[in-house]
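Novice: Please work out how this folds:
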Amino acid sequence: MPDGRYVYCIVDSAESTSLGDIGLQGNPVKVVCHKDIGASVSPIPYKELQPNIDSIISHQRVVESSRKLGTTLPVKFGVIFKNEEGVRTLLQRSYDDYRKKLTKLSGMDEFGVKVLYNKAGLVRIKNGIERTSPDIRKMRESLEGSGEGKSYFTKLKINEAIKSEAYKKLDELSREVHKGLAQTSQDSTILKSDHEQIVLNAAYLVRREKGQEFLASANHLGKEYAEKGLIVHSSGPWAPYSFC
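Specialist: From the prediction side, this is the model:
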């Protein structure tokens, strides 16, 4: 089967550099250029590629390595052209768009932040609501002298009210964390979360010289909100995957 060309990212570089045998399936990676931009590519059979953990890690490894050459725009996993000429055609046709994005993202890094709660944290929040909520207090007072049937349904109603208020509080706290982190970033975006315990999954675009300040802010917020039942986990710096 003839080789295709797998594209990892677009780079702000006009050098036809070799990045070594770090691509998918251990294949060599090089930069294919057009004018003052390039694409990091490696040979691969021209057929649909199914993602797995090894191939995803390889893709990310090439993207991160390419960042040494200049500003990098990650390309989504699985983009394959029949040959290098197809890659050059992509660069030519999309040059203006790529040039604009590379200029905009120059000197920027992406940081990821996840805010989670654990069972102990959720219990702590629920206990606080139970102690301080006027509505919960009124419902508990209504239990006094009530029959068994009414008491049962009132308790169910109380539990549901506590749960609802707890999730509202989690949302409120996560928005506070997001607001605090956004102060150190140039842009931010909320990402989808596939886990119930993650109440905030966000990416932040940060100037490179502000990276340590951003991580320090995330660490400070993590300590502050740990007392309120949340865990703040930060990662990065990465290529700007969420802002291309």
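Novice: got the buried residues for the helix or strand bottoming out on mean pLDDT in the chain?
Specialist: Lowest on mean pLDDT, DSSP states H and E among the helices and strands of the chain sits helix 134-141, with a mean of 75. Across helix 134-141, burial judged by 16 or more other Cβ atoms under 10 Å covers Ile136, Met139. All C-beta spots, glycine's among them, are computed from the backbone N, C-alpha and C.
Novice: One more: stretch 51-62?
Specialist: Buried-residue list, stretch 51-62, by 16+ other Cβ under 10 Å: Ser55, Ser58, His59, Gln60, Arg61, Val62.
Novice: just to revisit the earlier point, show residues contacting the least confident helix or strand of the chain.
Specialist: Ile129, Glu130, Thr154, Lys157, Ile158, Ala161, Ile162, Glu165 (Cβ atoms under 8 Å, 6 or more residues apart in numbering).
Novice: and what of stretch 121-130?
Specialist: Contacts for stretch 121-130 (Cβ under 8 Å, 6+ apart): Tyr117, Ile136, Ile162, Lys163, Glu165, Ala166, Lys169, Leu170, Lys228, Gly229, Leu230, Ile231.
Novice: Restricted to buried residues, select these in ChimeraX.
Specialist: Selecting the buried subset of the contacts of stretch 121-130 in ChimeraX, with 16+ other Cβ under 10 Å as the burial test, is done by:
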select :117,136,162,165,166,169,170,228,229,230,231
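Novice: rewinding a little: C-alpha coordinates for the least confident helix or strand of the chain, CSV please?
Specialist: C-alpha atoms of helix 134-141 as CSV (Å, rounded to 0.1, in the frame of the first residue of the first chain):
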residue,chain,number,x,y,z
PRO,A,134,-33.7,28.8,56.0
ASP,A,135,-35.8,26.7,53.7
ILE,A,136,-34.3,23.5,55.0
ARG,A,137,-34.9,24.7,58.6
LYS,A,138,-38.6,25.4,57.8
MET,A,139,-39.1,22.0,56.3
ARG,A,140,-37.5,20.3,59.4
GLU,A,141,-39.7,22.3,61.6
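Novice: Name the SS class of Lys192, please.
Specialist: Secondary structure assignment for Lys192 (DSSP: H, G, I helix; E, B strand; the rest coil): coil.
Novice: The residue nearest to it when sequence neighbours are not counted: how many residues sit nearby?
Specialist: Of all residues beyond its chain neighbours, the one nearest Lys192 is Asn201 (6.9 Å), with distances taken as Cβ to Cβ, 6 or more residues apart in numbering. Applying other Cβ atoms under 10 Å, we find 18 residues neighbouring Asn201.
Novice: Next, give phi and psi for Asn201.
Specialist: When read as degrees, to the nearest 10, the backbone of Asn201 gives phi -130, psi 110.
Novice: which residues does it contact?
Specialist: Gly112, Val113, Lys114, Val115, Ile190, Leu191, Lys192, Ser193.
Novice: which among those end up buried?
Specialist: Counted by 16+ other Cβ under 10 Å, the contacts of Asn201 give Gly112, Val113, Lys114, Val115 as buried.
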